[in-house]
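S.K.: For reference, the sequence and a predicted model appear below.
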Amino acid sequence: MADYVIAIDQGTTSSRAIIFDRKGSIIATGQKEHEQILPQAGWVEHDASEIWANVQEVIGLALTRAHLTRHDIAAVGITNQRETAVVWDKTTGKPVYNAIVWQDTRTQPIVDRLAADGGVERFKPVVGLPLATYFSGTKIAWILENVEGAREKAEAGDLLFGTTDCWVLWNLTGGVNGGVHATDVTNASRTMFMDLETLQWRDDILEAFGVPKSMMPSIRSSSEVYGAAEDSSLLRETPIAGILGDQQAATFGQAAFNTGESKNTYGTGCFLIFNTGEEIVHSKNGLLTTVGYKLGDGPTHYALEGSIAVTGSLIQWLRDQLGIIDSAPQVEELADKVEDNGGVYIVPAFSGLFAPYWRPDARGAIVGLTRYANKNHIARAALEAVAFQTRDVLDAVNADAGVDLTELKVDGGMVANDALMQFQADVLGVPVVRPVVAETTALGAAYAAGLAVGFWTGLDDLSANWQEDRRWEPTMDASERDRQLRLWHKAVTKSMDWVDEDVK
């Protein structure tokens, strides 16, 4: 009898395979980073072939470390960086260009062109998203318009598109030898092409972007058997039975199944999701309307989302571009050496500002510098920027929902940072709660897959698995919180209106 489920977590900086037992506890993990390709300012790419090779390797690592084989695995779940676009040749299995990452901003001219007829909210009533470089649609259009021969191959029906869940699924189920070309509703809802009500691709929007429908994967639920791993895989014949975009997966892993429940994930970016149940709620405060999950033939659950482009990647920037730290955990050590930020505020608008501002003309700024400021203040300001951005998004959620959240469930790599979590509680003025299993993204994908094959019997099983690990209560005086937020919002305004026509 198979006693475990494996989740493939294809993230922005690495690919992981994590094995879970019936209690949702981690048994073993394999992880491998992939290269961040930065050809020029605003461009962010990944080698999709490298990602697939890494996925195969981490599956082997996890199985080996757990002393398990495919016979011990009941199902495979996949979760992924959502808007990153891969376009590949279905006859060779080779990508025609590097994957264009969700953070990439090169497609702003395409956004402007499409927005010339109807503005940035031209398609929002249908797809829930504003026109922005963030989503997959303009990335596909850019590849078709700029890669030699791509348009002709696409028109001939020889090219396929997928977010990285789709790329992994296609390869895992056989690739050129009958691989399944499918995605789930959560990932489909991040392309700009899916009608939120019908859960189908919109022909008129595809036509507006110049994307042939033949490129698009079939849209399936988040929890069903899509296919089985091919014979050459270490997971041969194991059903692939769950797919959720990473933020929806984290929400599912947090057992936030019901209307009004929410979570915030601290990863490369920061993503706060608020479950609106079976109702499609269109934000009036800069949030995205997205699909939360759909289990088999069950009803579709929707959500509001606040997407912040740069949080964990700001710490990577301190490490890789500035050399202020040698490893990510060192940022907390530096921040702890000073009592406050010394008047320094960092607005990490490396890809423009996402929710709730949606300002592609913004760029990163460090303000409030004096000779008193040192690297410790900059480290602290970097951590605080994560918390301030989350406060902005939570304010928008509260305004749209009409009911203030009373606590915030958190997960992701940065929740191990005690200084950040305490400051987050202070800035929000509500408790911040971390679960025992902080790897909720992979856990959510495992849950979706396990439900599809009967490994878990229902949502009650999953809710029973959730356990609180630690809670941070706010300690900051309200007047100090207001002062800090006033200065933060002043700093945000300094990052705007930076990009002119001759500025990349």
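M.R.: Good, I have the coordinates.

S.K.: ok, now how distant is residue 476 from residue 453?
M.R.: Distance, residue 476 to residue 453, using Cβ to Cβ, to the nearest Å: 47 Å. No exception for glycine: its C-beta is placed from N, CA and C like everyone else's.

S.K.: quick one: which of those two has more around it?
M.R.: Neighbour count, other Cβ atoms under 10 Å: between residue 476 and residue 453, residue 453 has more, with 19 against 16.

S.K.: So in terms of bridging, what pairs with the nearest residue to that one once chain neighbours are set aside?
M.R.: Among residues not flanking residue 453 along the chain, residue 75 sits closest, at 4.6 Å (Cβ to Cβ, 6 or more residues apart in numbering). Judged by DSSP bridges, the bridge partners of residue 75 are residue 5.

S.K.: Report whether the expected contact of residue 75 with residue 454 is present.
M.R.: No - counting by Cβ atoms under 8 Å, residue 75 stays clear of residue 454, with 9.3 Å between them.

S.K.: Have a look at those two and say which one is more surrounded.
M.R.: Neighbours per residue (other Cβ under 10 Å) separate residue 75 from residue 454, with residue 75 holding more: 27 against 10.

S.K.: Contact partners for that one?
M.R.: 5, 6, 238, 239, 240, 241, 242, 449, 450, 452, 453, 455 (Cβ atoms under 8 Å, 6 or more residues apart in numbering).

S.K.: and if we set it to 6 Å?
M.R.: 5, 239, 241, 449, 450, 453 (Cβ atoms under 6 Å, 6 or more residues apart in numbering).

S.K.: Going by neighbour count, which of the residues you listed comes out on top?
M.R.: residue 449 (34 neighbours).

S.K.: which phi and psi does it have?
M.R.: phi -70, psi -40 (degrees, to the nearest 10).

S.K.: And it, what's its pLDDT?
M.R.: Looking at residue 449, its pLDDT reads 98.

S.K.: next one: the one 5 residues further on
M.R.: As predicted, residue 454 sits at a pLDDT of 95.

S.K.: All the helices of the stretch 301-450 of the chain, residue numbers only.
M.R.: 312-317, 330-335, 375-401, 418-428, 440-452 (DSSP state H, counting those that start in this stretch).

S.K.: any idea how far residue 325 is from the residue in the chain sticking out farthest from the centre?
M.R.: Distance to the chain centre peaks in the chain at residue 371, reaching 37.5 Å (criterion: Cα atoms, centre = their mean). Distance, residue 371 to residue 325, by Cβ to Cβ: 22 Å.

S.K.: what residue ranges in the stretch 151-300 of the chain score low on pLDDT?
M.R.: Nowhere does the stretch 151-300 of the chain drop to pLDDT under 70.

S.K.: repeat that with 90
M.R.: Flagging of the stretch 151-300 of the chain using pLDDT under 90 yields the residue ranges 231-232, 256, 258-262, 265-272, 274, 283-286.

S.K.: which SS state does residue 469 fall under?
M.R.: strand (DSSP: H, G, I helix; E, B strand; the rest coil).

S.K.: nope, residue 298 is what I meant
M.R.: Under three-state DSSP, residue 298 comes out as coil.

S.K.: Around it, how many other residues sit close by?
M.R.: 12.

S.K.: All the helices of the stretch 1-150 of the chain, residue numbers only.
M.R.: 48-66, 108-115, 124-127, 136-146, 150-155.

S.K.: List the buried residues of the longest one.
M.R.: Pointing back at helix 48-66 there. Across helix 48-66, burial judged by 16 or more other Cβ atoms under 10 Å covers 48-52, 54-56, 58-59, 61-63, 66.

S.K.: following whichever strand or helix holds residue 247, which helix or strand shows up next?
M.R.: Under the criterion of DSSP states H and E, residue 247 resides in helix 246-253. Moving toward the C-terminus from helix 246-253, the next helix or strand (DSSP H and E) is strand 262-266.

S.K.: That following strand pairs with which strands?
M.R.: Here strand 262-266 has these sheet partners by DSSP bridges: strand 270-277 (antiparallel), strand 408-411 (parallel).

S.K.: Test my guess that residue 253 contacts residue 440.
M.R.: Yes - with contact defined as Cβ atoms under 6 Å, residue 253 counts as touching residue 440 (3.2 Å).

S.K.: the more surrounded of the two?
M.R.: residue 253 (32 against 29).

S.K.: Would you enumerate the residues in contact with that one?
M.R.: By Cβ under 6 Å, 6+ apart, the neighbours of residue 253 are 440, 443, 444.

S.K.: That one and residue 246, how far apart?
M.R.: Distance from residue 253 to residue 246, by Cβ to Cβ: 10 Å.

S.K.: try residue 339
M.R.: Taken as Cβ to Cβ, the span from residue 339 to residue 246 is 35 Å.

S.K.: pretty sure residue 54 is touching residue 32, no?
M.R.: Yes - Residue 54 lies in contact with residue 32 (Cβ under 6 Å); the separation is 4.4 Å.

S.K.: Overlap in contacts, these two.
M.R.: Common neighbours of residue 54 and residue 32 (Cβ under 6 Å, 6+ apart) are residue 15.

S.K.: rewinding a little: among the helices of the stretch 301-450 of the chain, which comes closest to residue 16?
M.R.: helix 440-452 (6.6 Å; Cβ to Cβ).

S.K.: Perfect, I'm done here.
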